[in-house]
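Trainee: Next comes the sequence, and after it the predicted model I'd like to discuss.
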Amino acid sequence: GRGFRAGSDSERSRDPVPRSRRVAMDQNAAVGDDTYDQARESLTKFVQNFVEEDPITNQPTYKYLDALQRVANRQEKKVEIELDDVFEHSGEALSEAIRCNTQRYVELIADALDDCMPEASVAVAEEDIADVLLRERQTRRDRDDNTDAQQQVPKELRRRYEVRVLPRTKDKLLKLREVKAERIGQLLTVKGIVTRVGEVKPQIKVATYTCEMGGYEVYQEVKQAKFMPLFTCPVPSCCTNGKLHLQTRGSKFGQFQEIKIQEEADEVPTGHVPRMMTVHLTGELTRGCSAGDVITLSGVFLPAISTGFKQLKAGLVTDTYLKAMSVAAHKKSYHEYTDDDEVKDFIAQSGDDMYTQMAQSIAPEIFGHADVKKALLLLMVGGATRQMSDGMRIRGDINVCLMGDPGVAKSQLLKQVTNLAPRSVYTTGKGSSGVGLTAAVVRDSVTGDFVLEGGALVLADMGICCIDEFDKMEESDRTAIHEVMEQQTVSIAKAGITTTLNARTSILAAANPAFSRYNSSKTPEENIQLPAALLSRFDLLWLILDKPSRDNDIQLARHVTYVHQYGHHPDLDFDTIKPKLMRGYISHVRQYEPSVPPDVAAYVVDEYVSMRQEAASDTAGIGFTSARTLLATLRLSQALARLRQSDEVARDDIVEARRLMSLSRASVLDTGEDKDAPKADDAVSMIYKIIRELAARTDAPAVNVAEVLPRVLSRGRTKEDLERCLSEYQELNVWHLNDARTVIRFVDS
């Protein structure tokens, strides 16, 4: 069939911007783009004369001439032209013309740089194959005095640099949704998440052929994605229709990589599908990002020109892509929320009770669940991740599972956390496959090779992944989460691709019990029906039961009707904290890396040993206590220390962490008991048992009340329960108290 030969057609076929569009843009750009020569002359003057002050020596320097000297010395491979500099030196007309028609001006800038290129000021270490070939070609051309156009060495073959045009700092960052047809050919900046990364391939820029009969070299510049190779020698002075051979070593290739970016979750309107964009990376920009990264790109928005059968199949529809000029990967954190003045004032004025106030500010329209909201706040703050010298990594992210009866607002809490967290992904169990959560291997449309496409957990890297209807997932899909929850990586071995992706994410799961509602006549294990390997990976497994209680039901009904009547939640003792301020405060406290002092470490050891003893004697308990429980206690206490803006974990943090872990299971252990009296007796008996154990361990005749109180609070009991226990057993003459009620002395001792 007939082919399309790039490099020998008119200017119109080489330039991706249509002529009519270019004329309109040139008119908008006013003067400065009248002719090729004028524009080239303006750019040459700009490169030669632009001066800026050196920040170290405060001496004026020629910025671009120095950059060209580094290129000539083989120290750099790119020249970055900043439009702010063009605006400062040559005015808005030229900078606007470059912005509106970047693809054409890149060629003009390269020509201007060629005119200004100096000789190398230092000796080049050693010649490469390109130097040898270029010297031979120069010698042959001087000897033969040949003026044939196709035998002249192309400029592209002599260049050892790439031209990058950087947008002005005042240009606003566009959402992918705002990139429309009027942006074709323009330089723009967008932000998105990388979802697919192709392999780096060589892309031909200049094809070099040798004639079999005459031995002449023929060059063919390739400007587009496809080209038709030459087969017969076109040089009249060489031979007539001699056969050409493509020289691979004499041709010039560049690195090429295709990636796909997608809108961030918070920019997608509800009910819409996220927009995607194809990005072409070349040269030094390749291998700069991986799946799941949040990146800011600046580049030229162009139509993808198809030819042959592909064009016939596509019809009138044309794909577009972004030809990247610069790529910047973001630090994946909350850092961008601390720059606001309002946030800084809030952090400066924050009091001691931020833990309670921020917890109550999470979904205040939802009645109750005060401790559940505290657990969700700690999940967003997270503990400190430890990176050991030998490469071992101890996870700092907190995982929480909310399991409970229908209608206790589990999904609403998940949605609220998704809205609050800067980087979060929301998915449901039935709508998620194991591949969709981790990573899929898909065939690349350009090269036909297999490439990796990150799933929900990879896209939520350094964020939170909320999984609703966790119990309705297939068992085979649920096992994909095991590795993510502890090692925080996704390992893939599919279709010849063996790799490991980062998935440093907190998992927040919501599930119903096995029989939709919690059945108190069955054991907790029968109700939960999740494997122990998965349950132990959750730092907090919160069981929320919907038990009828007259007082509680009245308060709940009044709260719900108030919200429907007035359109907002009932007033609290304080003004609820706005989501923006919460994000700012969380981002501020996440900078702290709390450590555990020696005295607190000893207390943690004692607590862990007593937890193991309790678990061994408690046959009706849910789950089991393992070393992961100890790590969970440390993570929760570190999150509490961060909320206090402290670099050290205090004993109160450990007590609060133990209290949350006890309360998360208390609602299940209390099932079937509907009278208040037995519960009170149980509390008194439990506290008596704690005091007896402490006395036996210390082997002392007296026990200090200050030592008992943290242990009582960590079991989910209150200070009032302790006072009641002290009074009851004093009346029974089991022990005596001093006047200040601070020391317990047993009668039998």
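Mentor: In hand now; what should we look at?

Trainee: what's the spacing between stretch 591-607 and its chain's center?
Mentor: A distance of 30 Å separates the centroid of the chain from that of stretch 591-607, by Cα atoms, centre = their mean, to the nearest Å.

Trainee: Straight-line length of it, end to end?
Mentor: One end of stretch 591-607 sits 28 Å from the other (Cα to Cα, to the nearest Å).

Trainee: And that stretch, what's buried?
Mentor: Across stretch 591-607, burial judged by 16 or more other Cβ atoms under 10 Å covers 592, 594, 596, 600, 603, 604, 607. In this view, the C-beta of every residue, glycine as well, is placed from N, C-alpha and C.

Trainee: For those, name the two members farthest from one another.
Mentor: When Cβ to Cβ is used, the two most widely separated members of the buried residues of stretch 591-607 are 592 and 607, lying 22.9 Å apart.

Trainee: got the residue ranges for the strands in the stretch 351-500 of the chain?
Mentor: Ranges of strands in the stretch 351-500 of the chain, per DSSP state E, counting those that start in this stretch, are 386-387, 393-394, 400-404, 424-428, 439-443, 450-454, 464-468, 489-494, 497-502.

Trainee: now for the fifth one, which elements pack on it?
Mentor: The elements that strand 439-443 packs onto, with contact taken as 3 or more Cβ pairs under 8 Å, 6 or more residues apart in numbering; DSSP states H and E, are strand 450-454, strand 489-494.

Trainee: Pairing partners for that strand, with directions?
Mentor: The partner list of strand 439-443 in its sheet, established with DSSP bridges, is strand 450-454 (antiparallel).

Trainee: Now do the longest strand seen in the chain against strand 450-454, angle only.
Mentor: Ranked by number of residues, the top strand in the chain under DSSP state E is strand 244-262. Orientation of strand 244-262 against strand 450-454 (axes from the mean of the first three to the mean of the last three Cα atoms, to 10 degrees) gives an angle of 20 degrees.

Trainee: neighbouring contacts of the lengthiest helix in the chain?
Mentor: With residue count as the measure and DSSP state H as the assignment, the chain has helix 676-698 as its longest helix. Residues outside helix 676-698 that contact it (Cβ atoms under 8 Å, 6 or more residues apart in numbering): 610, 670, 673, 703, 707-708, 711-712, 715, 717, 721-722, 724-725, 728-729, 744, 746.

Trainee: Could you list the buried residues of that helix?
Mentor: The neighbour-count check on helix 676-698 (16+ other Cβ under 10 Å) flags 683, 684, 687, 688, 690, 691, 694, 695 as buried.

Trainee: Show me where the stretch 101-250 of the chain dips below the pLDDT cut-off.
Mentor: Within the stretch 101-250 of the chain, the stretches falling below the threshold (pLDDT under 70) are 125-127, 138, 140-151.

Trainee: same thing with the stretch 401-550 of the chain?
Mentor: Counting by pLDDT under 70, the ranges of the stretch 401-550 of the chain that qualify are 431-434, 445-447.

Trainee: For stretch 519-529, what is the spacing between the initial and final residues?
Mentor: 12 Å.

Trainee: Which positions within it qualify as buried?
Mentor: Taking 16+ other Cβ under 10 Å as the neighbour-count basis, stretch 519-529 is seen to contain the buried residues 524, 527, 528.

Trainee: Out of these, name the ones that lie in helices.
Mentor: Checked against DSSP H, the buried residues of stretch 519-529 include these in helices: 524, 527, 528.

Trainee: so how far is residue 511 from the second one?
Mentor: Which is residue 527. Between residue 527 and residue 511 the distance is 11 Å, computed by Cβ to Cβ, to the nearest Å.

Trainee: same deal with residue 315?
Mentor: 48 Å.

Trainee: These two: which has the busier surroundings?
Mentor: Applying other Cβ atoms under 10 Å to residue 315 and residue 511 shows that residue 511 carries more neighbours, namely 22 against 7.

Trainee: Do I have it right that that one meets residue 401?
Mentor: Yes - the criterion here is Cβ atoms under 8 Å, and residue 511 meets it with residue 401 at 6.6 Å.

Trainee: Can you check which residues contact both of those two?
Mentor: Contacts common to residue 511 and residue 401, judged by Cβ under 8 Å, 6+ apart, are residue 470.

Trainee: before we move on, back to that, could the buried residues of helix 676-698 go into JSON lines alongside pLDDT and distance to residue 296?
Mentor: Conversion of these to JSON lines gives the following (pLDDT from 0 to 100; distance: Cβ to Cβ, whole Å):
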{"residue": "683", "pLDDT": "79", "distance to residue 296": "56"}
{"residue": "684", "pLDDT": "83", "distance to residue 296": "61"}
{"residue": "687", "pLDDT": "85", "distance to residue 296": "58"}
{"residue": "688", "pLDDT": "84", "distance to residue 296": "62"}
{"residue": "690", "pLDDT": "85", "distance to residue 296": "56"}
{"residue": "691", "pLDDT": "86", "distance to residue 296": "60"}
{"residue": "694", "pLDDT": "83", "distance to residue 296": "58"}
{"residue": "695", "pLDDT": "82", "distance to residue 296": "63"}
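
Trainee: from those, which two are the most distant?
Mentor: 683 and 695 (19.0 Å).

Trainee: where in the stretch 601-749 of the chain is pLDDT low?
Mentor: Short version for the stretch 601-749 of the chain, where the test is pLDDT under 70: 618-624, 666-681, 749.

Trainee: and residue 500, bridged to which residues?
Mentor: Beta-bridge partners of residue 500, counted by DSSP bridges, are residue 491.

Trainee: for it, what are its contacts?
Mentor: Shown in contact with residue 500 (Cβ under 8 Å, 6+ apart): 489, 490, 491, 492.

Trainee: in stretch 60-69, what's buried?
Mentor: Counting neighbours by 16+ other Cβ under 10 Å, one finds that the buried residues in stretch 60-69 are 62, 63, 64, 65, 67, 68, 69.
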